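**Q** my questions concern the predicted model and sequence given below.
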Amino acid sequence: QVQLAESGGGLVQAGGSLRLSCAASGRTFSRYVMGWFRQTPGKEREFVAAISRSGTNTNYAPSVKGRFTILRDNAKNTVFLRMNSLKHEDTAVYYCAADETILIRTTDENYDFWGQGTQVTVSS
């Protein structure tokens with residue numbers, strides 16, 4: 001299995017930027033499609049972005065496309081989420097997740113391993 005640990009969350013003003021990181025340990029990082037999800041109290045966890053095992057292909061939720069960028073560094077066992085032009089509605093706990101598959105999937109139930117989450121708060 002793989003252990004995941006997110007970092008980089010915090011408080012930022014609307015229009016600002018943050019970069020989240022997710023460090024992986026355990027099994028070979030490049031075996032996993034990596035995804036970012038987010039959740040606010042009382043709501044379902046929602047898909048944000050995902051990246052293929054090689055990093056060649058990505059998928060984004062419509063609400064973040066053009067503002068967020070997902071990247072991975074397989075040599076450093078890390079996946080990143082660069083968030084620009086942040087909006088108040090981006091406020092959430094952000095989770096990274098690993099899916100041992102070749103497909104980029106957007107449903108959280110498909111992901112096998114999860115980090116503990118990092119809080120992102122965007123002030124309006």
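**A** All right, it came through fine. Numbers count the residues shown, from 1 in each chain.

**Q** partner residues bridging the most centrally placed residue in the chain?
**A** Central residue of the chain (CA atoms, centre = their mean): Trp36, 2.2 Å from the mean position. Counting by DSSP bridges, Trp36 is bridged to Ala49, Cys96.

**Q** pretty sure it sits against Asp90.
**A** No - Trp36 lies out of contact with Asp90 (CB atoms under 8 Å); the separation is 11.7 Å. The C-beta positions use only the backbone N, C-alpha and C, and glycine is treated the same way.

**Q** mind checking the SS state of Met109?
**A** No, residue 109 isn't Met; it's Glu. State at Glu109, reduced to three classes by DSSP: H, G, I helix; E, B strand; the rest coil: helix.

**Q** could you measure from it over to Ala97?
**A** 10 Å (CB to CB, to the nearest Å).

**Q** okay, the two: which has more neighbours?
**A** Ranked by neighbour count (other CB atoms under 10 Å), Glu109 and Ala97 place Ala97 first, with 24 against 6.

**Q** how close does the more buried one sit to Gly16?
**A** Here Ala97 is placed at a distance of 25 Å from Gly16 (CB to CB).

**Q** swap in Thr121?
**A** 11 Å.

**Q** distance of the residue lying closest to Ser63 once chain neighbours are set aside from Thr121?
**A** Excluding its sequence neighbours, the residue lying closest to Ser63 (CB to CB, 6 or more residues apart in numbering) is Glu89, at 7.8 Å. To Thr121, Glu89 is 12 Å away according to CB to CB.

**Q** between the two, which one's more packed in?
**A** Thr121 (15 against 11).

**Q** does the more buried one really touch Thr91, like I thought?
**A** Yes - counting by CB under 8 Å, Thr121 does reach Thr91; the two are 5.2 Å apart.

**Q** please identify the helix or strand for the closest residue to Phe113 other than its chain neighbours.
**A** Nearest non-adjacent residue to Phe113, counting by CB to CB, 6+ apart: Ala98, 4.4 Å away. Assigned by DSSP states H and E, Ala98 belongs to strand 92-99.

**Q** just checking, what packs against that strand?
**A** When contacts are defined as 3 or more CB pairs under 8 Å, 6 or more residues apart in numbering; DSSP states H and E, strand 92-99 sits against strand 2-7, strand 18-26, strand 33-39, strand 78-83, strand 113-114, strand 118-123.
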